[in-house]
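Visitor: Provided below for reference: sequence and predicted model.
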Amino acid sequence: MIHAFPCGTLSLDFVGTLRARRNDHPTEKLADPSDLDAWFVESGLGPGVAASVPPDLDDAIQLREAIYALVWSRLHDRPLPADAVATLNGAAAAPPLAAALTADGWARSGTPRQALSQLAREAVEIIGGEQAALLRECARPECTQVYLDTSRGHRREWCSMATCGSRVKAQAYRDRQKAGAA
């Protein structure tokens, strides 16, 4: 797997395709159309999504950044940026992927634009609904992954305990050991 899915919500996991966005050199996980295709397959939206071309990648990155801008606005109690709202609503207005019953269960099919519409629709529901109050950004300074805090007590700090939580706790342990040795 090339991509990570720590959030349990595809639209927020999609935002995470730009890792460490506040660093001097963030890591772009959607560098070319094949990366977008891989994301669709790994996320479960594909493999019935047609192959992406460069304009699809441009649309995907524009949607990703619009979702992040809207989430950031919700996190910081700011008005929603009109251009991000227009981008999200435009993507959500496209038809979603088609679902079909198959001999093995079911499958989705369609275009990259339709797959992006699925993500946009989910983001509309999150950002515009009651779940907006559960939006959080990972507490690890290098990470900018956003997620829904559905934990009991709503005290989740990290996008994933397996990655960021583990790193923060290990660093805190090392810091305590250094302080004790001094």
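Guide: That came through fine. Numbers count the residues shown, from 1 in each chain.
Visitor: okay, CA-based contacts and neighbour counts for the rest of this
Guide: Fine.
Visitor: where in the chain is pLDDT low?
Guide: Judged against pLDDT under 70, the low-scoring parts of the chain cover residues 158, 160-162, 165-173, 175.
Visitor: So His3, which state does it fall into?
Guide: What DSSP: H, G, I helix; E, B strand; the rest coil gives for His3 is coil.
Visitor: give me the number of residues near it?
Guide: Counted with other CA atoms under 10 Å, the neighbours of His3 add up to 18.
Visitor: looking at it, it is touching Thr17, isn't it?
Guide: Yes - using CA atoms under 8 Å, His3 is in contact with Thr17, at 7.4 Å.
Visitor: Return every residue with contacts to both of the two.
Guide: Lys29 (CA atoms under 8 Å, 6 or more residues apart in numbering).
Visitor: quick one: contacts of the longest helix along the chain?
Guide: Selection of the longest helix in the chain by residue count, based on DSSP state H, yields helix 54-75. Outside helix 54-75, the residues that touch it by CA under 8 Å, 6+ apart are 11, 14-15, 30, 32-33, 36, 79-81, 83-85, 87-88, 91, 112-113, 116, 120, 123, 127, 132, 135-136, 146.
Visitor: Could you pull out the buried residues of that helix?
Guide: Buried residues in helix 54-75, counted by 16 or more other CA atoms under 10 Å: 56-57, 59-61, 63-72, 74-75.
Visitor: In CSV, list the C-alpha atoms belonging to stretch 56-64.
Guide: Taking Å, rounded to 0.1, in the frame of the first residue of the first chain, the C-alpha atoms of stretch 56-64 are listed here in CSV:
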residue,chain,number,x,y,z
ASP,A,56,-8.2,14.6,-13.1
LEU,A,57,-5.2,14.9,-10.8
ASP,A,58,-5.5,18.7,-10.9
ASP,A,59,-9.2,18.4,-9.9
ALA,A,60,-8.3,16.0,-7.1
ILE,A,61,-5.7,18.3,-5.7
GLN,A,62,-8.0,21.3,-5.9
LEU,A,63,-10.7,19.3,-4.1
ARG,A,64,-8.3,18.1,-1.5
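Visitor: Hmm, Ser117 is touching Pro96, no?
Guide: Yes - Ser117 lies in contact with Pro96 (CA under 8 Å); the separation is 5.4 Å.
Visitor: wait, what's in contact with the closest residue in space to Pro96 that isn't next to it in sequence?
Guide: Of all residues not flanking Pro96 in the chain, Gln114 sits nearest, at 4.7 Å (CA to CA, 6 or more residues apart in numbering). Taking CA under 8 Å, 6+ apart, we find Gln114 in contact with Ala94, Pro95, Pro96, Leu97.
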